[in-house]
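Engineer: what follows is a predicted protein model with its sequence.
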Amino acid sequence: MNYQIRATSIANEDAKINVKETNIAFGTTAKTANTLPNPAELFLSSFAACILKNVERFSGMMKFTYTKASLEVNATRLEHPPRMDHIIYKLTIFSTDKKINTSLLQKNIEKFGTIYNTAKLSCTISGTIEIYAY
């Protein structure tokens with residue numbers, strides 16, 4: 001598989017990424033540091049999207065139902081050289097389904113997630129999955 005995106009920026013302004021029919025604005029200037037995502041946050045967003053896509057994928061394969069999945073991702077950044085050192089995630093699945101095998105789900109996410117495996121090559125990752133039965 002191959003992927004393609006386009007990104008543009010204008011001097012002294014912010015930038016955008018064009019993916020298919022979507023534009024994603026991101027910050028490259030100090031004036032939007034508190035309002036637009038920065039590249040590190042976009043990286044973590046991609047990591048989160050990978051996990052959530054696999055929850056959807058594996059819900060069908062593992063035959064469980066859920067109404068919502070929520071993910072919190074935190075990361076530690078090193079300064080020299082600047083890079084992510086450790087990513088921690090907490091995945092919460094909202095479901096009344098009693099047969100969700102969270103251990104197998106986590107194993108599948110970690111084995112088959114493209115962004116997950118790419119990040120794992122450069123930093124440590126740890127995470128938990130919990131079911132919120134409402």
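Structural biologist: Arrived safely, thanks for sending.
Engineer: what mean pLDDT does the longest helix anywhere in the chain have?
Structural biologist: Scanning the chain for the longest helix, with DSSP state H as the assignment, gives helix 39-61. Helix 39-61 shows a mean pLDDT of 98.
Engineer: so which elements touch that helix?
Structural biologist: Judged by 3 or more C-beta pairs under 8 Å, 6 or more residues apart in numbering; DSSP states H and E, helix 39-61 is in contact with strand 22-26, strand 68-78, strand 83-94, helix 102-112, helix 114-120. In this view, the C-beta of every residue, glycine as well, is placed from N, C-alpha and C.
Engineer: redo those as a markdown table? Include distance to Gly127 and mean pLDDT.
Structural biologist: Formatted as a markdown table, those follow (distance: least, C-beta to C-beta, whole Å; pLDDT from 0 to 100):
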| stretch | distance to Gly127 | mean pLDDT |
| --- | --- | --- |
| strand 22-26 | 24 | 97 |
| strand 68-78 | 9 | 97 |
| strand 83-94 | 4 | 98 |
| helix 102-112 | 7 | 98 |
| helix 114-120 | 9 | 98 |
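Engineer: for burial, what's the neighbour tally of Glu13?
Structural biologist: Per other C-beta atoms under 10 Å, the neighbour tally for Glu13 reads 11.
Engineer: how about the secondary structure of it?
Structural biologist: Following DSSP: H, G, I helix; E, B strand; the rest coil, we place Glu13 in the coil state.
Engineer: identify the spatial nearest neighbour of Thr102, chain neighbours not counted.
Structural biologist: The shortest distance from Thr102 to any non-neighbouring residue, by C-beta to C-beta, 6 or more residues apart in numbering, is to Ile129 (4.4 Å).
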